[in-house]
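K.L.:
Generate a structure from the sequence data that follows.
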Amino acid sequence: GDENDTHIRTLADPHRRVLQRGGVDAFLMSVPKSLGQLNCIRIWHDNSGKGSSSSWFLKYIIIRDLQTMQKFHFISQRWFAVEKDDGKIERALPVASELEKNQFSFVLTKRTYHSVSDGHLWFSIFSRPPSSQFTRVQRCTCCFVLLLVSMFLNIMYYDLSSEAKLAKSTNTSNLSFGSLYITPQQIIIGIVVEFFALIPSLLLVQLFRRLRPRRKQLSPIRQALSKVNAPLQNEKKSRRRARSKKSPFTLPWWFIFVAYGLCIIFVGLSIIFIIARGIEFGDEKTQKWLVSIVSSFFSSILLTQPLKIISLAIFFACFCRKSNYDAEANELLDDTQIGLEADEEYLHAMEKDSSLTRRPMIHVDRLNKTEVLEAREYRLHEIEMWSVIRQISLYICFISVLYVVIYSNRNTSAFYQVNHLRKYFLNSRHEDLDFTKISTIDQYWNWLDNSFIGNLRAQEWYNGDPPRNLTGFIDDKSNRLIGWATMRQLRVKSTLCPKQTAISSVCEED
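P.N.:
Residues are numbered from 1 along each chain as shown. Reported below is the predicted structural model:
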C-alpha cells in the first residue's frame, strides 16, 4: 500500500482444504495499521503437487477493507504453472482500474464461468458456488423433474402422433445398433420436447433461488468485527438499510413447501401417465421413445442449458457490466445480505478467545529460475507422454465404435446366402459341369441354357409334383426373386488403355 506493506501470508487452513478446483475462498487477515491505498499484490506458490495439481489458474482477487468497506480488485486471468503461458509461478498484480474491471472480455469470461458453475442445471450439481442459497438437493430435484417431464412429453407425442403409429421405416438414413434403430426424426423430437420441458424446470429454479433463509446467523467475520470495531455498528446498520432497499425480489422461507409441492405434482403426474400409456406401446414404439428420451437428456446438457448460459452472459456483459460485477462481489464477500450456512463456508467454528490471532513471521523458500526451468522441462515431457497415451486410447475407442457401427448393419447370414446362390446358379452340385471355368461364348450359352434358366424359377419337386404356391421363387424353393433377372454386358477392349502422363511416373505397366 501507500503507507505500509505486509509480510508473507500463507493461504491455508488447518481444518479444511482450500484453493480447490473451481473454488472461491475468503480469508480474514489483520494488519497492525492501515496500509492506505493498495497498489499491488504479489502472489506465488511452491509448485508442489503431482501432475496438473501443481498448476493454478487465478481469475481475480478482491480485497476489502472491513473498516472502510472499500474494495480493491486485482485481475489476473493467467496460469501460475511452469508448463503453461510464460512458465511463471510468481506474479505481481497491480490494482485494477474501473476500465479494466468493466472490460468486455473480462466480464464475459467471468460471467460465463459463474453461469456454468451456478446456472447450468446439471453441471451446477457438482460445481455449485458455496455462497449460493440454491442447494444441491434442490438442484437434483429440479433435474429429476426435468427428466420425468421430458419422458412424459415424449411418450405423449408418440401416443398422439399418427406418424409414430406407422410401420418401421426402411430409410437408408437410419442408424442401427443391433435391434435398436435411430432416425433423425427421433433425435429432432427429443430436442423439441426438451424446449417445452424447460418451462416447468425454470419455474422451479426461480422459486428455489428466491427463497429467503428461515433464520440468519452472524458469520465469524462479523463476530470479529463486532469485538474490534464496535463504534462502526451504526454506520454498518445504515449501509445495511440502504442495501436492503436495492435487494432483489425474494419469497418467504415457507415457499419452499410450495416449490417441493410442485415438484411432487410434476413427478407424480409424469409417472402416472408414463405407466398408463407406456404399457400399451409395442417394441418398435418403445425403442423410438427411448431414443427420444436420450436425445432430450443430452440436448438439455449440451444445447438448451448452454444456450441459456451464453445468451445471459452476453446480455450481462453488454448491458449490465458494473451492476452485475458488484452483485457477484457482494454475494461472495458481504454476508450481511444473505445468511451464510455452516455447511461449506465455515466448516469449523472460530475459537472464541482468538478471533484475531497474530501469526509469527513465515519464511518461505521460493524456487529460483534454474529450478523453475527444470520443473518446466520435466512437466512438458510428462504432458507429452500422457498426450500419446490419450491419443492411443482415443484411437482404440474410435476403432471400437467404428467396428460396432459398421458391422451392426450387416446381417451375419448374408455371406452364406450369397455363397449359396453363387453355387446354385453355377450348378456346382454336378461334378461333370464346372461352369466356374467358362472361357468361350459356347460355354457361356451352354451355362445359360442348362443351368441358369432352369434354376431361375421353381421347377417340379423331386417326385414330379408341380410347384404350387411358389410363384416368384427360384428353384431352391426358399429364396424369392424380386423383379426380373437382369443381365449386363461389359464391352472390355482387349488392348491396353493409353498411358496418362499425369500418373506415368507413379504407375507402371504390367
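
K.L.:
quick one: the helices in the stretch 51-200 of the chain?
P.N.:
For the stretch 51-200 of the chain, the helices identified by DSSP state H, counting those that start in this stretch occupy 98-101, 104-118, 124-127, 136-160, 184-209, in order along the chain.

K.L.:
Quick one: the ones you listed as a markdown table, columns for mean neighbour count too.
P.N.:
C-beta: built from backbone N, CA, C; applies to glycine. Formatted as a markdown table, the helices of the stretch 51-200 of the chain follow (neighbours: other C-beta atoms under 10 Å):
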| stretch | mean neighbour count |
| --- | --- |
| helix 98-101 | 12 |
| helix 104-118 | 18 |
| helix 124-127 | 15 |
| helix 136-160 | 20 |
| helix 184-209 | 18 |
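
K.L.:
For these, which has the smallest mean pLDDT value?
P.N.:
Of all the helices of the stretch 51-200 of the chain, helix 104-118 carries the lowest average pLDDT, namely a mean of 76.

K.L.:
Let me see the contact set for residue 43.
P.N.:
Shown here is residue 43, whose contacts under the criterion C-beta atoms under 8 Å, 6 or more residues apart in numbering are 58, 61, 80, 90-91, 93.

K.L.:
That one: which element?
P.N.:
In the assignment (DSSP states H and E), residue 43 maps to strand 40-44.

K.L.:
how about JSON lines for the helices of the stretch 51-200 of the chain, with distance to residue 396 added?
P.N.:
Shown next, in JSON lines, are those (distance: least, C-beta to C-beta, whole Å):
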{"stretch": "helix 98-101", "distance to residue 396": "47"}
{"stretch": "helix 104-118", "distance to residue 396": "31"}
{"stretch": "helix 124-127", "distance to residue 396": "28"}
{"stretch": "helix 136-160", "distance to residue 396": "32"}
{"stretch": "helix 184-209", "distance to residue 396": "27"}
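
K.L.:
Give me the subset of the contacts of residue 43 lying in strands.
P.N.:
Among the contacts of residue 43, the members falling in strands are 58, 61, 80, 90-91, 93 (criterion: DSSP state E).

K.L.:
So which of those residues wins on neighbours?
P.N.:
Neighbour counts for the ones in strands among the contacts of residue 43, by other C-beta atoms under 10 Å, peak at residue 80, which reaches 21 neighbours.

K.L.:
could the contacts of residue 43 be laid out in TSV, adding pLDDT and distance to residue 448?
P.N.:
Putting the contacts of residue 43 into TSV (pLDDT from 0 to 100; distance: C-beta to C-beta, whole Å) gives the following:
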residue	pLDDT	distance to residue 448
58	86	83
61	88	89
80	88	82
90	87	89
91	88	87
93	89	89
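
K.L.:
how about the residues you listed, which pair is most distant?
P.N.:
Among those, the pair separated by the greatest distance (C-beta to C-beta) is 61 and 90, at 14.4 Å.

K.L.:
Please tell me how far residue 405 sits from residue 476.
P.N.:
For residue 405, the distance to residue 476 under the criterion C-beta to C-beta, to the nearest Å works out to 33 Å.

K.L.:
how long is stretch 454-466 end to end?
P.N.:
End-to-end distance of stretch 454-466: 14 Å, with C-alpha to C-alpha, to the nearest Å as the criterion.

K.L.:
thinking residue 127 is in contact with residue 117, fair?
P.N.:
Yes - contact status for residue 127 versus residue 117: in contact at 4.2 Å, counting by C-beta atoms under 8 Å.

K.L.:
Helix or strand for residue 445, just tell me which one.
P.N.:
Secondary structure assigned from DSSP H and E places residue 445 in helix 441-447.

K.L.:
Can you point out the buried residues in that helix?
P.N.:
For helix 441-447, burial by neighbour count (16 or more other C-beta atoms under 10 Å) applies to residue 447.

K.L.:
what mean pLDDT does it have?
P.N.:
On average, the pLDDT along helix 441-447 is 84.

K.L.:
and the helix or strand following it, what does it pack onto?
P.N.:
Moving toward the C-terminus from helix 441-447, the next helix or strand (DSSP H and E) is helix 453-456. Here helix 453-456 is seen to pack against no other helix or strand when contacts are counted using 3 or more C-beta pairs under 8 Å, 6 or more residues apart in numbering; DSSP states H and E.
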